[in-house]
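Chemist: Give the three-dimensional model of this entry:
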Amino acid sequence: MALLLLFLFPLSVAAVAEDAYIGVNIGTDLSNMPSPTQVVALLKSQQIRHVRLYDADRAMLLALANTGIRVTVSVPNNELLGIGQSNATAANWVARNVVAHVPATNITAIAIGSEVITSLPNAAPVLVSALQFIHSALVAANLDSQIKVSTPHSSAIILDSFPPSQAFFNHSWNSVLVPMFKFLQSTNSYLMLNVYPYYDYMQSNGVIPLDYALFRPLPPTKEAVDANTLLHYTNVFDALLDAAHYAMADLNFTNIPIVVMESGWPSKGDSSEPDATVDNANTYVSNLIRHVLNNTGTPKYPGVPVSTYIYELYNEDLRPGSVSEKNWGLFEPSGVPVYILHLTGSGPVLANDTTNQTYCVAKDGADRKLLQAALDWACGPGKVDCSPLLQGQPCYNPDTVEVHATYAFDTYYHQMGMAPGTCYFNGVAAVTTTDPSHGSCIFPGSGGKNGTFVNGTSLAPSSNVTASGATCHFSDAVTSPLVAGTLLLSVILFL
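Modeler: Numbers count the residues shown, from 1 in each chain. Coordinates of the predicted model:
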């Protein structure tokens, strides 16, 4: 959905524009939500430097401290009315959720609500006051120059989005939009816009070609042409961005940049969503990332950066609605990628290069009791999925503690993004470049199948953990929550 203006792009905006970046949204509607430590380990392993939270969770903000990752925190819709009606409530929110965490946590923006006009219209009248109150609190804390305030909108607020030059906002919301744009302009902030070509494609009843929605190359005769400007559009994303600029210009705002806060494609759908597939999701997101990082811009504003946040980091199995609603993630909660992005030559973000792959294995001649203790820890508090080691499963044979420990160690090592110190396990593990996979037992990282894209977990046992601190047998550790809980307590007591 969005980028910049109508006729001339102001030099003042262009001059200060930085290169575009890719960020990722972190939703939490998961039945097995990874811990903040796990999330940050995944972000680091993927070199993701920009994230957007849908709240201001304290544990998450603490985990992000001292990482340098740029964070957008959010005022949830259920807190909007209180903040929009009380300057004191807004000040308290900023003190608790922002001031308490900076500068250790690199908070760079605050998103007030989410698609308020279209999803919570009764709260829309207080939206601008909420923006103003939060900004005033930042001014009082001397943080207004480093933290921007804005509010994400659905592209549904744009009417007649094609041709872009004829687009305009629903004028019934002018009483909210005009003062909002004045606020964004006066604070040098930006319009936050959610752009979902998937929905535009689905709702077009065949008018929009799938290739046009997915950024696939089109012959010139298939490109969409704005009859008023004669500009050619090769994808829905760019058309929506220019439509947003024309719509702002219709209200006489021509110098407000746009950041796309949500964009993606679902990897799975029900029978009514045949184009929600892994291949289409991979195609859209890979092409989008290349498009953004290359500073491609739009036909109206070529070369103007359009920073974009991918929706989203994890599949969210608890989200209500259709099957596709639960399947927008780049990763499963376990950290395994839903698909491997096609990003050759597009820089380090979400890289899928599997060269120089390393593995974590049990040391030759290691003490069996220490190995068993470390194995039990990995399959319990370490949250490694050790089900492949069960009898009858691919990695059961050879049925030795050394082989089973190697699988658990390597899985944990990759869950932690191969971070230094995560292949120690009381001295019984070591890093190797030799792939320990055997037969049908494929280890994490082998051939890029599970790769370095696996999520982090809790920290491995320290050197103070002894074999006596973890005595349950492996099969109990993966099948009995009670035993796993007892093991966790024993590990805690020995730390």
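
Chemist: where do the helices sit along the stretch 301-450 of the chain?
Modeler: Using DSSP state H, counting those that start in this stretch, the helices of the stretch 301-450 of the chain run over 368-379, 401-415.

Chemist: per-residue confidence at A477?
Modeler: Per-residue pLDDT puts A477 at 31.

Chemist: let me fix that: L62
Modeler: Listed pLDDT for L62 reads 97.

Chemist: P76: which of the helices of the stretch 301-450 of the chain is closest?
Modeler: The closest of the helices of the stretch 301-450 of the chain to P76 is helix 401-415. By CB to CB, the value is 29.3 Å. Any C-beta I mention is one placed from the backbone N, CA and C, and that applies to glycine too.

Chemist: so the closest one versus helix 368-379, what angle?
Modeler: Interaxial angle, helix 401-415 versus helix 368-379 (axes from the mean of the first three to the mean of the last three CA atoms, to 10 degrees): 40 degrees.

Chemist: Which one of the helices of the stretch 301-450 of the chain lies nearest to F133?
Modeler: Using CB to CB as the measure, helix 401-415 is the one of the helices of the stretch 301-450 of the chain that comes nearest F133, at 41.3 Å.

Chemist: What residues does the residue of the chain most remote from its centre make contact with?
Modeler: Farthest-out residue of the chain from its mean C-alpha position, per CA atoms, centre = their mean: G365, at 42.0 Å. Under the criterion of CB atoms under 8 Å, 6 or more residues apart in numbering, G365 has no contact partners.

Chemist: In the stretch 251-400 of the chain, where is pLDDT below threshold?
Modeler: 342-357 (pLDDT under 70).

Chemist: T358 touches A430, doesn't it?
Modeler: No: contact between T358 and A430 fails when scored by CB atoms under 8 Å: they sit 10.3 Å apart.

Chemist: what's the distance between A123 and L80?
Modeler: 5 Å (CB to CB, to the nearest Å).

Chemist: Same check on L131?
Modeler: From L131 over to L80 the distance is 10 Å, taken as CB to CB.

Chemist: Looking at the two now, which is surrounded by more residues?
Modeler: Using other CB atoms under 10 Å as the criterion, L131 and L80 rank with L131 on top: 26 against 21.

Chemist: what about that one, which SS state?
Modeler: At L131 the chain is in helix, as set by DSSP: H, G, I helix; E, B strand; the rest coil.

Chemist: and the gap between it and V24?
Modeler: 24 Å.

Chemist: Then L313?
Modeler: 5 Å.

Chemist: Give the closest residue to T151 in space, chain neighbours not counted.
Modeler: Of all residues not flanking T151 in the chain, I112 sits nearest, at 4.4 Å (CB to CB, 6 or more residues apart in numbering).

Chemist: All the helices of the stretch 101-250 of the chain, in order from the start?
Modeler: Going by DSSP H, counting those that start in this stretch, the stretch 101-250 of the chain shows helices at 116-119, 127-140, 174-186, 197-203, 210-213, 236-250.

Chemist: Can you say which of these is nearest to A95?
Modeler: Between the helices of the stretch 101-250 of the chain, helix 127-140 lies closest to A95; by CB to CB that is 7.4 Å.

Chemist: buried set for the closest one?
Modeler: Neighbour counts using 16 or more other CB atoms under 10 Å place L127, V128, S129, A130, L131, Q132, F133, I134, H135, S136, A137, L138 of helix 127-140 among the buried residues.

Chemist: Let's have those in JSON lines, adding pLDDT and distance to I48.
Modeler: Listed next are these as JSON lines, based on pLDDT from 0 to 100; distance: CB to CB, whole Å:
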{"residue": "L127", "pLDDT": "97", "distance to I48": "29"}
{"residue": "V128", "pLDDT": "97", "distance to I48": "32"}
{"residue": "S129", "pLDDT": "97", "distance to I48": "33"}
{"residue": "A130", "pLDDT": "97", "distance to I48": "28"}
{"residue": "L131", "pLDDT": "98", "distance to I48": "27"}
{"residue": "Q132", "pLDDT": "98", "distance to I48": "31"}
{"residue": "F133", "pLDDT": "98", "distance to I48": "31"}
{"residue": "I134", "pLDDT": "98", "distance to I48": "26"}
{"residue": "H135", "pLDDT": "98", "distance to I48": "27"}
{"residue": "S136", "pLDDT": "97", "distance to I48": "31"}
{"residue": "A137", "pLDDT": "97", "distance to I48": "28"}
{"residue": "L138", "pLDDT": "98", "distance to I48": "25"}
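
Chemist: Of the residues you listed, which is the nearest to K44?
Modeler: Distance to K44, by CB to CB, is smallest for L138 among the buried residues of helix 127-140, at 27.9 Å.

Chemist: Not counting its neighbours along the chain, what's nearest that closest one?
Modeler: Distances taken as CB to CB, 6+ apart place D144 nearest to L138, at 4.3 Å, with adjacent residues excluded.

Chemist: Does G23 lie in a helix or a strand, and which?
Modeler: strand 22-26 (DSSP states H and E).

Chemist: hmm, who's touching that strand?
Modeler: Identification of contacts with strand 22-26 by CB under 8 Å, 6+ apart yields 39, 43, 48-54, 60, 70, 72, 261-262, 289, 292-293, 307-314, 330, 349-350.

Chemist: And for stretch 214-227?
Modeler: Here stretch 214-227 makes contact (CB under 8 Å, 6+ apart) with 162-165, 197, 209-212, 231-235, 237, 239, 265, 280, 283-284, 287-288, 291, 299.
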